[in-house]
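**Student:** Structure for the following, please:
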Amino acid sequence: MDEKDWIAGAAKALAIIEAFDEDHARMTPTTVATRAGLSRTAARRYLLTLGELGYIDTDGKLFWLAPRVLRLGQSYLESARLPRTVQPFLQRITAEVQETALVAILDEHDVVYVARNGVNRAMAMGFVLGSRVPAPLSSAGMILLASRAPEEIDAWLATYEIRLFTPYTYASIDRLREVLAEARRNGYVVTDQQLEPGMRGVAVPLRDRHGNVVAAISVSMPIGQESANGALHRVLPVLQETASLLRNLV
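**Tutor:** Predicted coordinates:
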């Protein structure tokens, strides 16, 4: 990018918004400044400006994101071609296997679910639209990582910090490497109870007409009495067929 085209203010405003997360939901300007790499004075000015625009709320001391921020993600979901293209195919998957079907993309260390079609159950199962999840905790994230070049996987793993969510969460980088290598060989992945007890995921890569992996298509389901092999044989052919049908459309 040509340096004269760079707008530093836009980058700093986005850094302010991205400074907030689950562990830093409400912050002082000093904390925001540290996390966004700005001076306290600059951080405060950006916070006040974003507040005036409706993206930040404050009680005068602490600052937090306002609901208007959701418009940014909603704009992507409504305007991007991928979610609109895959939605009818997810409906078809759900009709065939009676499970929640999803499409996710990789964003740094997380997967983001950009399309979803669920089954009618008293309790909602699986990830909601727009969810962000650490990539190794989902079948979609694992197949997206496995689809990368080995040197890219190594670089990614070198910066990933493992967090245990269930007794079954992959607890070491070596174990992650093993699962990723197997997923790369197979072209699919099955994950059990990585993020939530009692839940299973099956995923395959979604490629474009040039063979590039652009997303992952997956099914999320309660484990129940079904074995991993049983689930795989039930949903994998449907996922693979759908990925093949979408290849010339995404």
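**Student:** got the CA positions of the helix or strand harbouring L144 in PDB?
**Tutor:** Taking DSSP states H and E as the definition, L144 sits inside helix 139-146. What follows is helix 139-146, C-alpha atoms only, in PDB (Å, rounded to 0.1, in the frame of the first residue of the first chain):
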ATOM      1  CA  SER A 139     -14.000 -28.700  13.500                       C
ATOM      2  CA  ALA A 140     -14.200 -25.800  11.100                       C
ATOM      3  CA  GLY A 141     -11.100 -24.200  12.600                       C
ATOM      4  CA  MET A 142      -9.100 -27.400  12.600                       C
ATOM      5  CA  ILE A 143      -9.900 -28.200   8.900                       C
ATOM      6  CA  LEU A 144      -9.000 -24.600   8.000                       C
ATOM      7  CA  LEU A 145      -5.700 -24.800   9.800                       C
ATOM      8  CA  ALA A 146      -5.000 -28.300   8.300                       C
END
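**Student:** I'd like to know which elements it is packed against.
**Tutor:** Judged by 3 or more CB pairs under 8 Å, 6 or more residues apart in numbering; DSSP states H and E, helix 139-146 is in contact with strand 100-107, strand 110-117, helix 150-158, helix 173-186, strand 189-192, strand 199-207, strand 213-222. In this view, the C-beta of every residue, glycine as well, is placed from N, C-alpha and C.
**Student:** Please produce CSV containing the ones you listed, extended by distance to R234.
**Tutor:** Below are these laid out as CSV (distance: least, CB to CB, whole Å):
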stretch, distance to R234
strand 100-107, 13
strand 110-117, 17
helix 150-158, 29
helix 173-186, 16
strand 189-192, 11
strand 199-207, 9
strand 213-222, 9
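**Student:** Quick one: these as TSV, columns for distance to R26, mean neighbour count and mean pLDDT too.
**Tutor:** Putting the helices and strands packed on helix 139-146 into TSV (distance: least, CB to CB, whole Å; neighbours: other CB atoms under 10 Å; pLDDT from 0 to 100) gives the following:
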stretch	distance to R26	mean neighbour count	mean pLDDT
strand 100-107	24	24	95
strand 110-117	22	22	93
helix 150-158	31	13	95
helix 173-186	33	15	95
strand 189-192	33	22	96
strand 199-207	30	25	96
strand 213-222	31	25	96
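**Student:** which one of these lies closest to T28?
**Tutor:** Closest approach to T28 among these is made by strand 110-117 (25.8 Å; CB to CB).
**Student:** what helices or strands is that closest one leaning on?
**Tutor:** helix 81-97, strand 100-107, strand 132-134, helix 139-146.
**Student:** of all the ones you listed, which gets the most neighbours per residue?
**Tutor:** Per-stretch averages of neighbours, counted by mean count of other CB atoms under 10 Å, single out helix 139-146 among the helices and strands packed on strand 110-117, with a mean of 28.
**Student:** A231 is nearest to which of the helices and strands packed on strand 110-117?
**Tutor:** helix 81-97 (9.3 Å).
**Student:** Residues touching that closest one, excluding its own?
**Tutor:** By CB atoms under 8 Å, 6 or more residues apart in numbering, the residues outside helix 81-97 that reach it are 77, 99-103, 105, 114-119, 206, 214-215, 217, 219, 234-235, 238-239, 242, 245-246, 249-250.
**Student:** and if we set it to 6 Å?
**Tutor:** The contact list for helix 81-97, computed with CB atoms under 6 Å, 6 or more residues apart in numbering, reads L77, A101, V103, V114, A115, N117, V119, V235, V238, T242, L249, V250.
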